[in-house]
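Chemist: With the sequence up front, the predicted model follows.
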Amino acid sequence: MDKRARSVATRWHVKRAVASAAAALVVVVGVPLAAEAAIVTVGNPNISSDIGARIRWGGTGFEASVFDNNPFSQSPTLNPAGAPVWQLNQGYDFQVTFDSATGTIGLSVDFNRDNSFGADESISRNTFTAPNGLASYVGYGFNYLQVAGNGSVSSLSNLVINGASFPTITPAGVQTDTYFTDSSGNPITQFNITGTLTFTGTGSAQENPAWNFRFISPEQPAAVPEPATLALLGLGLAAAGRKLRRR
């Protein structure tokens, strides 16, 4: 092969390498990020929940707990002895959280209504039971949140989910389910749910009235490329381009 032919062949191979590197860079850069947008209401997805938190009128009065895929497997529990005794017709602030980095669900209730959550007013959990659910939710987000209230002697006001405010929910004798999702379609990896619960009566059973915050449809968000990976691909592409120009 003469010098000119070798030069043409080399240029063809370099161009192909540049094209391949560019395609790889596009693929990596094009990986969808788990960017979360606005929280919005949505219809019932008809999917069972995995984990959640509950605030209810229990056998000993008001109590709260977190649970796994079995809603009756409640542990740990807040206020199991019914002390302090909650007052009817008074608003009690609460907070429910989920952190994908640690796979932890948290629940806090301001029992003494001092506008803070003390050490004895907060519980959390990061290990769960299989096989119906996962043993750990580290690295997972959830596609849906269900807020469910029953009975006719309670209301949930000042509801804020990840910064988005929603109207007061007041069940009218039957269970009222409201579902939320992220408008981007990405799983939600961080939840911060706050609000105020008011009970106007003791209810008729241990689970009535009760409020449940259930996390539904766990999913691992799309992988985000490491900055170092993008930098190496960029350097390789630039080097190939320089080599092509020299020829």
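Modeler: Received it, and whenever you're ready, just let me know what you need. Residues are numbered from 1 along each chain as shown.
Chemist: Enumerate the helices of the protein by residue range, in sequence order.
Modeler: For the chain, the helices defined by DSSP state H cover 3-29, 227-246.
Chemist: and those helices, which one is worst for confidence?
Modeler: Note on these: helix 3-29 shows the lowest mean pLDDT, a mean of 47.
Chemist: Break the chain into its domains for me.
Modeler: 3-31+225-246, 39-219 (automatic domain parsing).
Chemist: Give me whichever of those is most buried.
Modeler: domain 39-219 (a mean of 17; mean count of other C-beta atoms under 10 Å). (Glycine included, C-beta is placed from N, CA and C.)
Chemist: For the domains of the chain, which has the smallest mean pLDDT value?
Modeler: Looking at these, the bottom one is domain 3-31+225-246 with a mean of 50.
Chemist: now residue 193, nearest residue through space, not along the chain?
Modeler: Using C-beta to C-beta, 6 or more residues apart in numbering and skipping residues adjacent in sequence, the residue nearest residue 193 is residue 96, 4.2 Å away.
Chemist: List the residues that contact the one you found.
Modeler: 53, 105-107, 191, 193-194, 213 (C-beta atoms under 8 Å, 6 or more residues apart in numbering).
Chemist: Let me know the closest of those to residue 90.
Modeler: Nearest to residue 90, judged by C-beta to C-beta, of these is residue 194 at 17.1 Å.
Chemist: hang on, isn't residue 160 packed against residue 180?
Modeler: No: using C-beta atoms under 8 Å, residue 160 is not in contact with residue 180; the gap is 11.4 Å.
Chemist: Please report how far residue 146 lies from residue 83.
Modeler: The gap separating residue 146 from residue 83 is 30 Å, by C-beta to C-beta, to the nearest Å.
Chemist: And residue 63, by the same measure?
Modeler: Taken as C-beta to C-beta, the span from residue 63 to residue 83 is 10 Å.
Chemist: Look up the residues that both of the two are in contact with.
Modeler: With the criterion set as C-beta under 8 Å, 6+ apart, the contacts of residue 63 and residue 83 do not overlap.
Chemist: nearest spatial neighbour of residue 63, skipping sequence neighbours?
Modeler: Closest to residue 63 by C-beta to C-beta, 6+ apart is residue 79, at 4.7 Å.
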